[in-house]
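In: Structure for this input, please:
(one chain, ligands or ions: 1)
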Amino acid sequence: MSDLRALAALTARRIRELEDGGTHAFVDWEGQGPGARGQGPGDQGSGARTEGLDTGVQGGTLVGEDGRALAGEAVAVKDNICDLRFRTTCCSRILDGWRSPFEATAVRRLRKAGALVAGKTNCDEFGMGSSTEFSCYGPTLNPFDAARVPGGSSGGSAAAVASGAVSMALGSETGGSVRQPAAFCGIVGIKPTYGRVSRYGLVAFGSSLDQIGTFGRDVASAARLLSAISGRDPFDATTLDRDPLPEPGPAPASLAGTVVGIPREYFGEGLHAGVAAAMRRAMDRLRGLGAELRDVSLPHTRYAVPTYYILAPAEASSNLARYDGVRYGRRVSEGAADVRALYRATRGTGFGPEVRRRILLGTYVLSAGFYDAYYGKAQRARERIRGDFETVFAEGVHALFTPTAPTPAFKLGENLSDPVAMYLSDIYVCTANLAGVPALSLPIGRDEGLPLGGQLIGPMEGEAEIVRIAQALERVVGGAEEVR
Ligand code: GLN
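Out: From the prediction side, this is the model:
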């Protein structure tokens, strides 16, 4: 156990340095003192917390047994995943003061696998955003350029790993929130198949889309983390009835016999020249490894962003109805004459601007007169998008290779006043959530110092295949080299 204590002390020091430098990746962590940055709106700081580390009980589960799959790893957890030791606020004022009465299955499994859970990371409020600017605690800065966003919504987790404060992190994905920040921060992010990881303790955003995903500095570590948290869970009936994923094997030296599809719709207008150059180079490397590259088409791709931005807000408006000032967290009752006024005052001041926009949008598309025109049509479009993937994978393609994001990390504030511009940064990532298929982002080069990501998308339950291809590519792609 003293090893765990030493790791806790070292990690606390690293996080402190990161936070003193202004990155603001964490909102609650081991060893956070009073007056620390990132402290919750109503929380006076939690003081140094190493209690439990000696006895091996951290949160509700045993930790730190040597020889376990994640022994020696410090793992950060996005603030929308419930924990007993750290607060859970989804970076929203509406959960100010709330403490989770239980531990998420994924977090419990981390501790059982011997990891140190290092703290909670900053994110867009309830996971809604693509830049981590919509957090009630203020934005996280990109570790590569403090004037830029780390991506979102799991930007704090991505920055925590990219900066070296922790070796791995958990994020969540509704429409790309692990892969897009992984690309912007030069690390690896995996979104598993829908149902691969238990969502017990993941605060719901869009229930037909949500999955916990993993970050690591290389493919193997993100895959190891995924293997530790995956598999059936009696607490979440939507989890696939499968054993945990196996740990990744060694990187294969050749990809002979592997067919990689290049979907032409992912290389259209708006693709940054640096991203395009990095993709060309990565495709050359795939060919060099012996893979067959095949031109394919996913014709309904252009409907993905509008479809996602109807379905996700619709589900969010329903899921967020529970934050009413009565059951959880913050309550604003002053001057409220009746219960409706209490709801209005609590929700009107507790939710930030993007969450309010989603609730309005979602309530509108679900309203009686518009349900068929918007929600119904979006459901049908989703079926077509899913069908596109099914078709290409049925034709013998093992995985698809695409850019993760159309541009490198954008500047803080650049997309804040234009929600549609913000939503378009999800153009290549939200398709996999709509289809339920697994996908990962890995670094494929840099443009003027900014990291660029490439995405591998697999068929349902094809995590092992995309991990294998990514491991081979990672060795030869030059993820940290300038491309132009
Ligand atoms: N950027 C997308 C959104 O704002 C995706 C968010 C997510 O994956 N949690 O909804």
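
In: Contact residues of the stretch 101-250 of the chain facing the ligand?
Out: Within reach of the ligand by C-beta under 6 Å from any ligand atom, the stretch 101-250 of the chain has these residues: Gly127, Met128, Gly129, Ser130, Ser153, Ser172, Glu173, Thr174, Gly175, Gly176, Ser177, Phe205. Placement of C-beta: from N, CA and C, glycine included.

In: so what's the spatially closest residue to Val365 that is not a sequence neighbour up against?
Out: Nearest residue to Val365, sequence neighbours excluded (C-beta to C-beta, 6 or more residues apart in numbering): Tyr374, at 3.9 Å. Counting by C-beta atoms under 8 Å, 6 or more residues apart in numbering, Tyr374 touches Ile310, Tyr364, Val365.

In: again, but for Arg109
Out: So Arg109 contacts Ala228, Ile229 (C-beta under 8 Å, 6+ apart).

In: distance between stretch 202-213 and the chain's centre?
Out: In this view, stretch 202-213 has its centroid 10 Å away from the chain centroid, taken as C-alpha atoms, centre = their mean, to the nearest Å.

In: end to end, how far does that stretch reach?
Out: 11 Å (C-alpha to C-alpha, to the nearest Å).

In: one step back: for the buried ones among the contacts of Tyr374, write the corresponding PyMOL selection.
Out: Buried subset of the contacts of Tyr374, written as a PyMOL selection, criterion 16 or more other C-beta atoms under 10 Å:
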select buried, resi 310+364+365
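
In: could I get the contacts of Tyr374 as CSV with distance to the ligand?
Out: CSV is the format used below for those (distance: C-beta to the nearest ligand atom, whole Å):
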residue, distance to the ligand
Ile310, 12
Tyr364, 16
Val365, 14
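
In: List just the nearest of the contacts of Tyr374 to Arg380.
Out: Ile310 (11.2 Å; C-beta to C-beta).

In: quick one: contacts for the residue positioned nearest the centre of the chain?
Out: Per C-alpha atoms, centre = their mean, the C-alpha nearest to the average position across the chain is that of Val178, at 2.7 Å. Contact partners of Val178, counting by C-beta under 8 Å, 6+ apart, are Ser154, Ser157, Ala158, Gly171, Ser172, Gly189, Ile190, Lys191, Gly213, Thr214, Phe215, Ser441.

In: now it, nearest residue through space, not along the chain?
Out: That would be Gly213: by C-beta to C-beta, 6+ apart, it lies 3.5 Å from Val178.

In: The residue of the stretch 1-150 of the chain found nearest the ligand: neighbouring residues, count only.
Out: Minimum separation of the stretch 1-150 of the chain from the ligand (C-beta to the nearest ligand atom) falls at Gly127, amounting to 3.4 Å. Neighbourhood size, Gly127 [other C-beta atoms under 10 Å]: 30.

In: Now do it against Ala312, distance only.
Out: Going from Gly127 to Ala312 by C-beta to C-beta, to the nearest Å gives 9 Å.

In: joint contacts of those two?
Out: With C-beta under 8 Å, 6+ apart, Gly127 and Ala312 have common neighbours Thr174, Phe205.

In: Okay, and the residue in the stretch 251-400 of the chain positioned nearest to the ligand sits in which element?
Out: Nearest residue of the stretch 251-400 of the chain to the ligand (C-beta to the nearest ligand atom) works out as Ala312 at 5.1 Å. Using DSSP states H and E, the element containing Ala312 is helix 304-319.

In: buried set for whichever helix or strand comes after that helix?
Out: Helices and strands here follow DSSP H and E; after helix 304-319, the next one along the chain is helix 339-350. For helix 339-350, the neighbour count (16+ other C-beta under 10 Å) marks Leu342, Tyr343, Ala345, Thr346, Arg347, Gly350 as buried.
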